[in-house]
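Asks: Fold the following.
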Amino acid sequence: MRTFFADLKADREAYASLGGWVGQPGFWIVAIHRLGEWVHRLPRGVRLPLWLLYRTLHLSYWAFNVELWAGKGGSKLGPGLCLIHPNNIYFGPGVDIGPNCLIHHEVTLGMGSVPGTPKLGKNVVLYPGARIQGGIVLGDDVVVGANCVVSRHIAPGTVVLPAVNRLMPRNLSPTVRRMDAERAAHPPTTES
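Replies: Predicted structure coming up:
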């Protein structure tokens, strides 16, 4: 019980710079998860009514399209987790998130080519669209930029940036050449 309230206090402090925790759906999503973790540790006879409460509150995740489960095989969340715009977030089973992490929307933490699920160190920031795949470790103070796909271990203090867009003339694109050839072979007909 002490860990439950201590973790909630750390979560609440993480939202202080955002104007407080009360109106932040990310805080409540994590709070429901922490309730589920606490209930899972209770003795079997006491657990059932509180587990039903957790499962009922967990239904609110559907509104945000968040996949995050507590209990055996569920995700482990460190204290001070802050979910910014918690929409379309997937935490795979067994994901381990360290303390004071910041996670934006459209983030996936799941399986990949390396067996297992990701483990994040402390003070990790994942920007929108980040995909962390497989049993890899992101070290402390890692920042993963928007729309990055990470499938290997990342050393502490590293910033992962998305690939730079490559530009090429239109006529060198094989797709455009094929479309132009099809258009030339079948010109549009105009009826008067």
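
Asks: Was I right to think S151 contacts G134?
Replies: Yes: when contacts are counted by Cβ atoms under 8 Å, S151 is listed as touching G134 (5.5 Å). In short, each C-beta sits where N, CA and C put it, glycine included.

Asks: Tell me which of those two has more neighbours.
Replies: G134 (18 against 13; other Cβ atoms under 10 Å).

Asks: Which residues are in contact with the more buried one?
Replies: The contact partners of G134, taken as Cβ atoms under 8 Å, 6 or more residues apart in numbering, are 111-118, 151.

Asks: and what of N100?
Replies: Listed by Cβ under 8 Å, 6+ apart, the contact partners of N100 are 10, 14, 78-81, 122-123.

Asks: related to what we said a few turns ago, can you say which of the contacts of G134 are buried?
Replies: Neighbour counting by 16 or more other Cβ atoms under 10 Å classes 111-112, 117-118 among the contacts of G134 as buried.

Asks: What confidence value was assigned to the spatially most central residue of the chain?
Replies: Nearest to the geometric centre of the chain sits V107, at 3.4 Å (Cα atoms, centre = their mean). At V107, the pLDDT value in this model is 96.

Asks: Could you list which residues are in contact with it?
Replies: Listed by Cβ under 8 Å, 6+ apart, the contact partners of V107 are 89-90, 126, 128-132.

Asks: at 6 Å what do you get?
Replies: Shown in contact with V107 (Cβ atoms under 6 Å, 6 or more residues apart in numbering): 89, 126, 130.

Asks: could you list every residue that touches the closest residue to R152 other than its chain neighbours?
Replies: Among residues not flanking R152 along the chain, I136 sits closest, at 5.9 Å (Cβ to Cβ, 6 or more residues apart in numbering). Contacts were defined as Cβ under 6 Å, 6+ apart; by that measure I136 touches 114, 118, 152-153.

Asks: quick one on the thing from earlier: looking at pLDDT only, which of the buried ones among the contacts of G134 scores worst?
Replies: Across the set of the buried ones among the contacts of G134, G112 stands lowest in pLDDT, at 88.

Asks: Please state the offset of the least confident helix or strand in the chain by mean pLDDT from the chain centre?
Replies: Across the helices and strands of the chain, mean pLDDT, DSSP states H and E gives its lowest value to helix 174-185, namely a mean of 82. When distances are taken as Cα atoms, centre = their mean, to the nearest Å, helix 174-185 is centred 40 Å away from the chain's centroid.

Asks: Identify all contacting residues around it.
Replies: Identification of contacts with helix 174-185 by Cβ under 6 Å, 6+ apart yields R170.

Asks: Name the residues of it that come out as buried.
Replies: Buried positions in helix 174-185, judged by neighbour count with 16+ other Cβ under 10 Å: none.

Asks: follow-up on the earlier one: got a markdown table for the contacts of I136, with distance to P169 and secondary structure too?
Replies: Shown next, in a markdown table, are the contacts of I136 (distance: Cβ to Cβ, whole Å; DSSP: H, G, I helix; E, B strand; the rest coil):
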| residue | distance to P169 | secondary structure |
| --- | --- | --- |
| V114 | 38 | coil |
| P118 | 39 | coil |
| R152 | 33 | coil |
| H153 | 38 | coil |
